[in-house]
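> Build the 3D model from these lines:
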Amino acid sequence: MKLASRMDRLPPYLFAEIDRRIEEARASGVDVISLGIGDPDRPTPPAVVEALGRAAREPRHHRYPPYAGLKSFREAVARWFARRFGVELDPEREVLVLIGSKEGLAHLAWAVMEPGAVALVPDPGYPVYQSSVLLAGGEVWALPLRAEAGFLPDLDAVPQEVLRRARLLFLNYPNNPTGATADLAFFERVVEFARAHGLLICHDAAYSEITYDGYRAPSILQISGARDVAIELHSLSKSFNMTGWRLGWACGSPEAVEALGRLKTNLDSGVFGAIQEAAVEALDHHGDFSASMSALYRGRRDRVVEALRRMGWPVRPPLGAIYLWIPVPPGWDSIGFAARLLESAGVVVTPGVGYGRQGEGYVRISLTIPDDRLDEAMRRWEASGLTFRPRTA
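Model (predicted):
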């Protein structure tokens, strides 16, 4: 069978490859502790699960849901957004239900880019940004995110000949994989930049509710005029431990929301209505759940930072997301270091190069495993001798 040529542009998906390596190690008898994938280990709030059960017994949810999503869910999103960010959304024109925010990220380029157009993609960044552009026939212009700039892009460094063909700009704060954060002043500059160059901003805000040390993540839609040039994607996966439920939303620019929704009517039939009804329960009545999860992750963050500092790592605790982004020791590359850590300690971390060229020299640690296993992972790591020093073997 001959595959479509577009598949030649698509690299293997990073986390599928990590799953394969874990299975190989476990098959050989290794007790693997994976710090590789950001999948919350705590359950969904019980009241949300109970709401799902009640809704699932309603015959009306056994039929196709509305393509834009249940009105009750879109209205709950608008209420939550007004409470959280002080931004009023029109649930009819400015909110679209997604099968998880990843699905919206994957399809947006198809809706707004012509073949050959350019998307500005953060590097390092969530791999779906790049793959979605490539599948849509677009070209990727990498925006380097560097530690000395707080992992914020230098938009002024993008060449004018690139900007003339650019149609889409991806951003993600709190950031995966770096944990970096952005303030309203940064978003104000970005909105001005997008206006000047005719860009649509896609802000992936999947980690907006997981923050630490008094920091609260803003929404780009808080900036005056942002909804003319920006669409923001949110997810219930990390905020309410609902990764397996596959539910999120896009909001902002009515034009972009309509275009993405029109594309989706040709690709999928929406999210099971009972899941949407359960999400209404989450958004309306369990807003404090994310704060409790942030407290849990903050404790894990601090213990891992302490252990890494004992081993000589220069680590600065992030203010958001559920990851630590740390440099590999001198003399190592990210894949080689991750492979040695798996071999020596049975601990999986994600090689930074999987997030782009600028990710070389780093690995990502996820905090989404039970506390005792996280402590055991750090004990093994320290015992392995893989500290932050020049490579000797």
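> For burial, what's the neighbour tally of residue 53?
10 (other C-beta atoms under 10 Å). C-betas here are computed from N, CA, C, even on glycine.
> Now it: which helix or strand?
Per DSSP states H and E: residue 53 is located in helix 46-56.
> so what does the longest helix belonging to the chain touch, helix or strand wise?
The longest helix of the chain (DSSP state H) is helix 289-310. Applying 3 or more C-beta pairs under 8 Å, 6 or more residues apart in numbering; DSSP states H and E, one finds that helix 289-310 contacts strand 323-327, helix 371-384.
> CSV please, covering these and showing distance to residue 91, mean neighbour count and mean pLDDT.
Compiled in CSV, these are given as follows (distance: least, C-beta to C-beta, whole Å; neighbours: other C-beta atoms under 10 Å; pLDDT from 0 to 100):
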stretch, distance to residue 91, mean neighbour count, mean pLDDT
strand 323-327, 32, 23, 98
helix 371-384, 39, 16, 96
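> how about the ones you listed, which one is nearest residue 50?
helix 371-384 (26.5 Å; C-beta to C-beta).
> Report the angle between the closest one and helix 289-310.
20 degrees (axes from the mean of the first three to the mean of the last three C-alpha atoms, to 10 degrees).
> Keeping just the C-alphas, turn helix 371-384 into PDB.
C-alpha atoms of helix 371-384 as PDB (Å, rounded to 0.1, in the frame of the first residue of the first chain):
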ATOM      1  CA  ASP A 371       4.000  10.900  45.600                       C
ATOM      2  CA  ASP A 372       5.600   7.700  46.700                       C
ATOM      3  CA  ARG A 373       6.600   6.700  43.200                       C
ATOM      4  CA  LEU A 374       7.900  10.200  42.500                       C
ATOM      5  CA  ASP A 375      10.100  10.000  45.600                       C
ATOM      6  CA  GLU A 376      11.300   6.600  44.600                       C
ATOM      7  CA  ALA A 377      12.100   7.900  41.100                       C
ATOM      8  CA  MET A 378      14.300  10.600  42.600                       C
ATOM      9  CA  ARG A 379      15.900   8.200  45.000                       C
ATOM     10  CA  ARG A 380      16.900   5.900  42.100                       C
ATOM     11  CA  TRP A 381      18.000   8.800  40.000                       C
ATOM     12  CA  GLU A 382      20.300  10.000  42.800                       C
ATOM     13  CA  ALA A 383      21.600   6.500  43.400                       C
ATOM     14  CA  SER A 384      22.400   6.000  39.700                       C
END
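> From the chain's centroid, how far away is that helix?
26 Å (C-alpha atoms, centre = their mean, to the nearest Å).
> What of stretch 36-44?
Taking C-alpha atoms, centre = their mean, one finds the center of stretch 36-44 at 13 Å from the center of the full chain.
> Regarding it, how distant is the last residue from the first?
End-to-end distance for stretch 36-44, by C-alpha to C-alpha, to the nearest Å: 21 Å.
> likewise stretch 206-219?
11 Å.
> Please enumerate the strands of the chain.
Here the chain has its strands, by DSSP state E, at 33-34, 95-98, 118-123, 139-144, 166-171, 200-204, 230-235, 248-252, 323-327, 347-348, 350-351, 362-366.
> Check which helices and strands the last one is in contact with.
When you say that, I think you mean strand 362-366. Using 3+ C-beta pairs under 8 Å, 6+ apart, strand 362-366 is in contact with strand 323-327, helix 334-345, strand 350-351.
> from the ones you listed, which stretch is densest packed?
A comparison of the helices and strands packed on strand 362-366 by mean neighbour count, using mean count of other C-beta atoms under 10 Å, puts strand 350-351 on top with a mean of 26.
> Just the mean pLDDT for that strand, thanks.
Averaged across strand 350-351, pLDDT comes to 95.
> helices and strands around it, which ones?
Contact partners of strand 350-351 among helices and strands, from 3+ C-beta pairs under 8 Å, 6+ apart: helix 334-345, strand 362-366.
> Pull up the pairing partners for the last one, direction included.
Using DSSP bridges, strand 362-366 pairs in its sheet with strand 323-327 (antiparallel), strand 350-351 (antiparallel).
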